[in-house]
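Chemist: okay, predicted coordinates and the sequence, questions at the end:
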Amino acid sequence: MNTLRARLDNANLTIQALADHLAMNYSTVQRAVKMNEPPKRRAEEFKEKVEAFFASHGLEGVDGWSKGATNDQPEPQQEEINQDIELENPMLTQEAMKHFKLFRNPFLNDIRCVRDIYLNEDSRYVLAAMKDVSRNQGILAVVGDSGAGKSVLRRLLLDDLHNDGDISVIQPKIIDKTRATAAGICDAIISDISSETPKRSMEAKARQVERLLMNAFKGGQRHVLIIEEAHDLTIPVMKYLKRFWELEDGFSKLLGILLVGQTELSGRLNERNNYVLREFIRRCMVVEVPPLDHDIEAYLKHKFERSGCEYSKVMDDSAVPALKQRLQTRRNQSGSLVYPQVINNLVAKAMNLCASLGEEKVNEDIIKEL
């Protein structure tokens, strides 16, 4: 079978000569030679140019392309690309670890202490808002897409509150938040701030909760209720949250409420969509965890530094702009998926491909090939 590699070897032609003829990056052409497949985009055009290259040397073309390259593949929609990026969670191969001289995976089990957390100006603002609602007993909803770093900020908040020592955290542990109830939240409050057994009737639970919170508050202890996956909470439970928040001692609230959820939570907290929730919505501040559009390089430098590697030895200068472009979600570039977990996944794939091609660093062309 006359593969692309076989044709080049038999004619004593180099991959660089083919790349120069095609006016393409060496790594892209090298990958096509190695896999015997043209690039996914404009495959037929690539094969025609290869045929012209061999014809210019008086040689026959390639008649043994792999089966995966028989049909041209149209350029996929950007939304579909980004969905694939978000769902995949690739591992760095051993080949890539050796290629970049890494002894620790910078993207796996990467948060082991506070210093491992990257904070830019936006994330510091979100963290400050979370601390404020914990200390001053307000209502806050932290909203972000999957992989945006909400859980990391929550863990950092818990660490700070633990060090302060004067704020007790209440966290309902029910896995399925759609089945959370007011009685269940009462049980969580009672269990987390005391050793008492929850009363059986709802009236008795409510009185027990108020008494425990009041006594602790008079002793100088404050409390915050933190609920993750809050986008799964039902409308009735969210209405009850406002009533928990209304527990007070004089002018002081006894309980702060912090909701952490995905973007669906923003829709739930839209008064036009859920007018019945207006009492809660009008008292709830909503902050979004924004993407790292302008901080990709700083984020990656921090990641590689924490894993004992220099950023400049892994990433080329052209890689970050290509990453940002790759993670735009709409053609008008009004949306972005430049979130920590998505960046981790895409860079890991790029490093694997870079190592398999023998390239020194991840560059723009490698990002475009993903």
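Modeler: Nice, thanks for sending it over.

Chemist: C-alpha from now on. contacts and neighbour counts both.
Modeler: Fine.

Chemist: which residues does stretch 190-197 contact?
Modeler: 168, 169, 170, 171, 198, 208, 209, 212 (C-alpha atoms under 8 Å, 6 or more residues apart in numbering).

Chemist: count of neighbours near the third one?
Modeler: In this case it means residue 170. By other C-alpha atoms under 10 Å, 21 other residues sit near residue 170.

Chemist: ok, now the second one?
Modeler: Counted with other C-alpha under 10 Å, the burial measure for residue 169 works out to 19 neighbours.

Chemist: how about the secondary structure of it?
Modeler: The three-state label for residue 169, taken from DSSP: H, G, I helix; E, B strand; the rest coil, comes out as strand.

Chemist: I'd say it and residue 225 touch.
Modeler: Yes. Contact criterion C-alpha atoms under 8 Å: residue 169 and residue 225 qualify, at 6.2 Å.

Chemist: which residues of the stretch 201-350 of the chain score low on pLDDT?
Modeler: 329-335 (pLDDT under 70).

Chemist: that one: helices as residue ranges?
Modeler: 202-218, 235-245, 264-268, 278-281, 296-306, 319-326, 340-357 (DSSP state H, counting those that start in this stretch).

Chemist: mind pulling up the phi and psi values for the residue nearest the centre of the chain?
Modeler: Among the residues of the chain, the one closest to the centroid is residue 147, at 2.1 Å (C-alpha atoms, centre = their mean). The phi and psi torsions at residue 147 (degrees, to the nearest 10) take the values phi 80, psi 10.

Chemist: name the nearest residue to it, sequence neighbours excluded.
Modeler: The shortest distance from residue 147 to any residue that is not its chain neighbour, by C-alpha to C-alpha, 6 or more residues apart in numbering, is 4.7 Å, and that residue is residue 341.

Chemist: in this structure the one you found contacts residue 145, no?
Modeler: No. At 10.3 Å, residue 341 and residue 145 do not qualify as touching, with contact defined as C-alpha under 8 Å.

Chemist: low-confidence ranges in the stretch 1-150 of the chain?
Modeler: Of all residues in the stretch 1-150 of the chain, those with pLDDT under 70 make up the ranges 1, 27, 41, 64, 67-89.

Chemist: burial of the closest residue to residue 364 other than its chain neighbours, as a residue count?
Modeler: Using C-alpha to C-alpha, 6+ apart and skipping residues adjacent in sequence, the residue nearest residue 364 is residue 319, 4.7 Å away. Burial measure for residue 319: 21 neighbouring residues, criterion other C-alpha under 10 Å.

Chemist: how near is residue 319 to residue 346?
Modeler: Counting by C-alpha to C-alpha, to the nearest Å, the gap between residue 319 and residue 346 amounts to 11 Å.

Chemist: what do you get for residue 134?
Modeler: When distance is defined by C-alpha to C-alpha, residue 134 is 35 Å away from residue 346.

Chemist: residue 202 too?
Modeler: Residue 202 sits 50 Å away from residue 346 when distances are taken as C-alpha to C-alpha.

Chemist: please identify which of the two sits among more neighbours.
Modeler: A side-by-side neighbour count of residue 202 and residue 346, using other C-alpha under 10 Å, places residue 346 first with 21 against 13.

Chemist: tell me how far that one lies from residue 322.
Modeler: In this structure, residue 346 and residue 322 are 11 Å apart, going by C-alpha to C-alpha.

Chemist: what do you get for residue 244?
Modeler: Separation of residue 244 from residue 322 (C-alpha to C-alpha): 48 Å.

Chemist: neighbour count for those two, which is higher?
Modeler: When residue 244 is set against residue 322 and neighbours are counted by other C-alpha under 10 Å, the residue ahead is residue 244, at 22 against 16.

Chemist: which ones are touching the more buried one?
Modeler: Contacts were defined as C-alpha under 8 Å, 6+ apart; by that measure residue 244 touches residue 255.

Chemist: ditto for the one 3 residues further on
Modeler: When contacts are counted by C-alpha under 8 Å, 6+ apart, residue 247 is found next to 210, 253, 254, 255.

Chemist: okay, now the last one: neighbour count?
Modeler: Around residue 255 sit 29 other residues, with neighbours defined as other C-alpha under 10 Å.

Chemist: please apply the same query to residue 251.
Modeler: Other residues within reach of residue 251 by the criterion other C-alpha under 10 Å amount to 6.

Chemist: and what of residue 35?
Modeler: When neighbours are counted by other C-alpha under 10 Å, residue 35 registers 17.

Chemist: list the contacts for it?
Modeler: Taking C-alpha under 8 Å, 6+ apart, we find residue 35 in contact with no residue.

Chemist: any idea how far residue 214 is from it?
Modeler: Counting by C-alpha to C-alpha, the gap between residue 35 and residue 214 amounts to 69 Å.

Chemist: also residue 38?
Modeler: Distance of residue 38 to residue 214, given as C-alpha to C-alpha: 70 Å.

Chemist: then residue 318?
Modeler: For residue 318 relative to residue 214 (C-alpha to C-alpha), the value is 58 Å.

Chemist: the two: which has the busier surroundings?
Modeler: The neighbour count for residue 318 versus residue 214, taken as other C-alpha under 10 Å, is higher for residue 214 (19 against 13).
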